[in-house]
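# return a 3D structure for these sequence lines:
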Amino acid sequence: MINNKSTSGLEKSILSKLEGYCTRLALILQITSWACDQGNLQVIEKSSLEAAIKLFQYFKSHALKVHQYVKANDPSLLVKLISWIERNGGKVNKRDLYRNNVVNIRNESQASEYLQLLVQKGYGRIIIQQPRAGGHSYEVFILN
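This next block holds a predicted model:
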């Protein structure tokens with residue numbers, strides 16, 4: 001996950017720190033097993049490693065959710081996003097945002113989250129647009 005191209009620098013930092021914690025958690029779990037007369041201190045057993053991996057996955061998912069929430073509610077990012085939309089005619093679709101890497105948006109899902117946030121905060125609305133030459137309809141965000 002750390003080498004994923006769409007992973008931001010902060011996300012990479014979070015994940016690498018958590019990977020280091022995973023081994024420490026395995027050791028703590030092994031010592032806890034030993035203290036309960038269910039393990040030894042010579043090796044870290046498979047059960048301790050598996051439990052540590054589960055804890056790692058839990059902490060990873062929550063750390064990334066917190067990171068996404070903080071990032072999505074960063075006023076400076078929203079100001080930059082709104083400014084970019086204004087400079088580009090006040091009307092954009094999701095593809096415009098991720099193709100131009102606006103505020104580090106890297107895919108359609110992230111673009112959708114940001115546009116929904118702008119709608120929730122009252123900065124604009126989303127309409128469904130039909131292409132002139134036929135084809136699939138798509139969402140367009142329009143600033144108020």
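
# buried residues of the helix or strand encompassing F141, list them for me.
Using DSSP states H and E, F141 maps to strand 138-143. Residues of strand 138-143 classed as buried by neighbour count (16 or more other CB atoms under 10 Å): 140-141. To be clear about C-beta, it is placed using only N, CA and C from the backbone, and glycine gets the same treatment.

# that one pairs with which strands, and in what direction?
Partner strands for strand 138-143, per DSSP bridges, with pairing direction: strand 91-92 (antiparallel), strand 124-129 (antiparallel).

# most neighbours per residue, which of those?
Stretch with highest mean neighbour count among these: strand 91-92 (a mean of 18; mean count of other CB atoms under 10 Å).

# rounded mean pLDDT for the helix or strand harbouring R95, please.
Using DSSP H and E, R95 sits in helix 94-99. Helix 94-99 carries an average pLDDT of 93.

# quick one, phi/psi of the residue lying farthest from the centre of the chain?
Going by CA atoms, centre = their mean, the residue of the chain most distant from its centre is D37, 40.8 Å out. Here is the backbone geometry of D37 (degrees, to the nearest 10): phi 60, psi 40.

# export the strands paired with strand 138-143 as TSV, with columns for distance to K12.
Converted to TSV, the strands paired with strand 138-143 look like this (distance: least, CB to CB, whole Å):
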stretch	distance to K12
strand 91-92	28
strand 124-129	32
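
# identify whichever of those strands lies nearest to Y69.
Ranking the strands paired with strand 138-143 by proximity to Y69 (CB to CB) places strand 124-129 first, at 21.0 Å.
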